[in-house]
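Engineer: Sequence and predicted structure, then a few things I'm wondering about:
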Amino acid sequence: MSATDRARVAFPPNWPARIGLAALALYAIYAAQILDITWARFVAGFGHGGQFLSRMFPPNVAADKLDLLYHGMAESLQIAVLSTAFGIALSLPLGLAAARNLAPAPVAWTARTLVALFRSFHPVIVAILFVKAVGFGALAGILALIVASMGFVSKLLAEAVEEMSMKQVEAVRATGASFLSVVVMGVLPQVMPRFIGFCAYQLDSNLRNSALVGLVGGGGIGATLFTAFQRFDYDFVLTIVLAIIAAVMAGEIVSGLMRRMFQ
Amino acid sequence: MSAAAEAKPLRTWQRFTPAERVIRSVFYLIALIAIVWSVQTIEIIPEFLYDAPQQTADLFARMWPIDWAWYPKVVHEALVETLHIATLGTILAVALASLVALMVARNITHSIVLNSIGRFILVATRSVHAMVWALFFVAVFGPGALAGTLAIAVHSIGFTGKFLSEAIEEAKPGPIEALVAAGASPLAVLIKGIWPQVKPAFLAISMFRWDINVRESAVLGLVGGGGLGMALDTALSNLYWDQAGLVLLVIFVVVILTEIATSFVRSRII
């Protein structure tokens, strides 16, 4: 094949991509076998699925159930509000301490390690530990989500502070300002819009996760959901899930409004 | 000079317009009310709090020394299962999300009805957490890795599809129009016109989601979705905290390693 011939092929076959795709397909088959995922189980599952769905419809809206739903949702909302408020309040100092251009190196590295530790555990696992420490109920959920919020907001705040312009900080320092004044006058005005954005996202995320910590004893709608599942109240399960979806969508709208308002 | 200064009314500078200040005050007020309402009405059982320090100390005392012998017996297999669940779930999710993303992207599908249906799928799959999906799939398919994999796959559709559809919508129309003008079939337009433009975003999104899914799949077992969570659940229900400590340590190490791996791949390839 001469050079001119090769040039005539508009789209030459991309062998590395084809081999990669084939390898991916082979892996998928191999993994499915390891995990004991078979077609027969899948088909059997669809039979159950039909039965399951028929038991879910119509959603249960009996008065006593709606009362349970209301209490669960209210508690989830309280968990989300409190964990966001305390999480943000604690993230501010932690995030500033983790910024390498502001804090001395030992402080920054300690704070960064702490943030990495907070971030690497799923809120559910943190909730399990807090359930053991402070008992079942909303407090365990709140503490777990505070840890999750601190991990997320502090990390992004530290990154925002590291990316800011040092000129204003130097200008404030040159006036002989104290560290607190430097932070309030030089740092915060630069990072505030982004910080509020993270907080809005975190409120949204905490609302979602507050439905989750209840599955392991952290209170809120998750607890109601888990109980309904265990009692095979599938029609009430559907009511709860629909309520959660509605709440999460409402939360997304609120956090979107918050972001637009402050930016 | 002084006369001129007196003649002009002193201007006060304000950062926000009155409307903005009103909106902000209302927002702060709402936030304050929400916090006060939550603090006042939340049910916290104070009796549980008295022994919290002892309970916490007890927790760590029971975890130490970690039961290393349990790793080869149960945890290693569970770890491998978790990684397979995360990877297979991500592959499935990316495949399904690509279809939904094409349906949502307004420059590909010129039908508001189809766009809206796709958008609803994205929002609905994302709003229900992977663990809740796992509860569903455990009820349908029985406990095990199948339920976990499907939970990961379905929950990830929303996130992956949202970013993919945004990437597709940002694709430049030039190459697509050129292919259409040359008489290319829709499939050829897709593969040669759109795919090269969205490829970097596609790989970045898939990697990022895989990273998240490793974390998620580690806890799915708590509700019967297989993997490390199943081992953790066993340890917790037997009150073997030294075994639970081992699982937590393994999860921590795996999460750190996947984060290092994905950031390495991201800096090298994408």
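Structural biologist: Thanks, I have it. Numbering: from 1, shown residues only, chains lettered A, B, ... in the order given.

Engineer: which one is residue B:232 nearest to, not counting chain neighbours?
Structural biologist: residue B:247 (4.4 Å; CB to CB, 6 or more residues apart in numbering or on different chains). The C-beta positions use only the backbone N, C-alpha and C, and glycine is treated the same way.

Engineer: so the one you found touches residue B:234, yeah?
Structural biologist: No - counting by CB atoms under 8 Å, residue B:247 does not reach residue B:234; the two are 9.1 Å apart.

Engineer: In terms of packing, which of those two has more residues around it?
Structural biologist: More crowded of residue B:247 and residue B:234, by other CB atoms under 10 Å in any protein chain shown: residue B:247, with 29 against 17.

Engineer: which residues does that one contact?
Structural biologist: B:75, B:78, B:228, B:231, B:232, B:235 (CB atoms under 8 Å, 6 or more residues apart in numbering or on different chains).

Engineer: go with 7 Å
Structural biologist: B:75, B:228, B:231, B:232, B:235 (CB atoms under 7 Å, 6 or more residues apart in numbering or on different chains).

Engineer: Which helix or strand contains the third one?
Structural biologist: Assessed by DSSP states H and E, residue B:231 sits inside helix B:228-237.

Engineer: quick one: the next helix-or-strand element following that helix to helix B:228-237, angle?
Structural biologist: Once helix B:228-237 ends, the next helix or strand along the chain (criterion: DSSP H and E) is helix B:241-268. Between the axes of helix B:241-268 and helix B:228-237, defined by axes from the mean of the first three to the mean of the last three CA atoms, to 10 degrees, the angle is 160 degrees.

Engineer: got the residues of the stretch 51-200 of chain A near chain B?
Structural biologist: By the rule CB under 7 Å from any CB of the partner chain, the part of the stretch 51-200 of chain A lying against chain B is A:52, A:78, A:81-82, A:85, A:120-122, A:124-125, A:128-129, A:132-135, A:137-139.

Engineer: And the contacts of residue B:247, which is closest to chain A?
Structural biologist: residue B:232 (7.7 Å; CB to the nearest CB).

Engineer: I'd say the closest one and residue B:243 touch.
Structural biologist: No - the criterion here is CB atoms under 7 Å, and residue B:232 misses it with residue B:243 at 8.6 Å.

Engineer: Phi, psi for residue B:114 please.
Structural biologist: phi -60, psi -40 (degrees, to the nearest 10).

Engineer: if I look at it, how far off is chain A?
Structural biologist: Look at residue B:114 and chain A: by CB to the nearest CB, to the nearest Å, they are 21 Å apart.

Engineer: What is the neighbour count of that residue?
Structural biologist: Counted with other CB under 10 Å, residue B:114 comes out at 14.

Engineer: Could you measure from the closest residue to chain A within the stretch 1-150 of chain B over to residue A:143?
Structural biologist: Closest residue of the stretch 1-150 of chain B to chain A, CB to the nearest CB: residue B:48 (3.3 Å). For residue B:48, the distance to residue A:143 equals 12 Å [CB to CB, to the nearest Å].

Engineer: Pull up the overlap in contacts between the two.
Structural biologist: With CB under 7 Å, 6+ apart, residue B:48 and residue A:143 have common neighbours residue A:134.

Engineer: still on that earlier bit, which ones are touching the residue of the stretch 1-150 of chain B closest to chain A?
Structural biologist: Counting by CB under 7 Å, 6+ apart, the residues that residue B:48 touches are A:134, A:135.

Engineer: element containing it?
Structural biologist: helix B:46-50.

Engineer: Show me which positions of that helix end up buried.
Structural biologist: The neighbour-count check on helix B:46-50 (16 or more other CB atoms under 10 Å in any protein chain shown) flags residue B:48 as buried.

Engineer: Please enumerate residues in contact with stretch B:61-75?
Structural biologist: In contact with stretch B:61-75 (CB under 7 Å, 6+ apart) are residues B:231, B:240, B:241, B:242, B:243, B:244, B:245, B:246, B:247, B:249, B:250.

Engineer: what's the neighbour count on residue 111?
Structural biologist: I'll assume chain A. 21.

Engineer: wrong chain, I was asking about chain B
Structural biologist: 11.

Engineer: Next to chain A in this structure, residues from the stretch 51-200 of chain B, please.
Structural biologist: So the stretch 51-200 of chain B meets chain A at B:52, B:55-56, B:59, B:81, B:84-85, B:87-88, B:91, B:123-124, B:127-129, B:131-132, B:135, B:139-141, B:144-146, B:149, B:192 (CB under 7 Å from any CB).

Engineer: State the mean pLDDT of stretch B:17-37.
Structural biologist: Averaged over stretch B:17-37, pLDDT sits at 84.

Engineer: ok now it, how far from the chain's centre?
Structural biologist: Centroid separation between stretch B:17-37 and its chain, computed with CA atoms, centre = their mean, to the nearest Å, is 30 Å.

Engineer: Residue B:11 sits in which helix or strand?
Structural biologist: Applying DSSP H and E, one finds residue B:11 in no helix or strand.

Engineer: Then residue A:102?
Structural biologist: Going by DSSP H and E, residue A:102 is not in any helix or strand.

Engineer: so it touches residue A:164, yeah?
Structural biologist: No - taking contact to mean CB under 7 Å, the distance of 9.3 Å between residue A:102 and residue A:164 leaves them out of contact.

Engineer: and whichever residue of chain A sits closest to chain B, what is it in contact with?
Structural biologist: Using CB to the nearest CB, the closest approach of chain A to chain B is made by residue A:135 at 3.3 Å. By CB under 7 Å, 6+ apart, residue A:135 lies in contact with B:45, B:48.

Engineer: Give me the below-cutoff pLDDT ranges for the stretch 1-150 of chain B.
Structural biologist: B:1-9 (pLDDT under 70).

Engineer: 50 instead, please
Structural biologist: B:1 (pLDDT under 50).

Engineer: got it, and the stretch 101-250 of chain A?
Structural biologist: Using pLDDT under 50, nothing in the stretch 101-250 of chain A is flagged.

Engineer: quick one: the helices in it?
Structural biologist: Using DSSP state H, counting those that start in this stretch, the helices assigned to the stretch 101-250 of chain A run over residues A:105-120, A:123-134, A:138-163, A:166-174, A:179-181, A:188-213, A:221-230, A:234-262.

Engineer: which of the contacts of stretch B:61-75 are buried?
Structural biologist: By 16+ other CB under 10 Å, the contacts of stretch B:61-75 give B:231, B:240, B:241, B:242, B:243, B:244, B:245, B:246, B:247, B:250 as buried.

Engineer: mind giving me TSV with the residues you listed and columns for pLDDT?
Structural biologist: Rendered in TSV, the data for the buried ones among the contacts of stretch B:61-75 read as follows (pLDDT from 0 to 100):
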residue	pLDDT
B:231	86
B:240	82
B:241	84
B:242	84
B:243	84
B:244	85
B:245	85
B:246	87
B:247	87
B:250	89
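
Engineer: Would you format the residues you listed as JSON lines with distance to residue A:195 included?
Structural biologist: Putting the buried ones among the contacts of stretch B:61-75 into JSON lines (distance: CB to CB, whole Å) gives the following:
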{"residue": "B:231", "distance to residue A:195": "39"}
{"residue": "B:240", "distance to residue A:195": "42"}
{"residue": "B:241", "distance to residue A:195": "38"}
{"residue": "B:242", "distance to residue A:195": "41"}
{"residue": "B:243", "distance to residue A:195": "41"}
{"residue": "B:244", "distance to residue A:195": "36"}
{"residue": "B:245", "distance to residue A:195": "35"}
{"residue": "B:246", "distance to residue A:195": "38"}
{"residue": "B:247", "distance to residue A:195": "35"}
{"residue": "B:250", "distance to residue A:195": "34"}
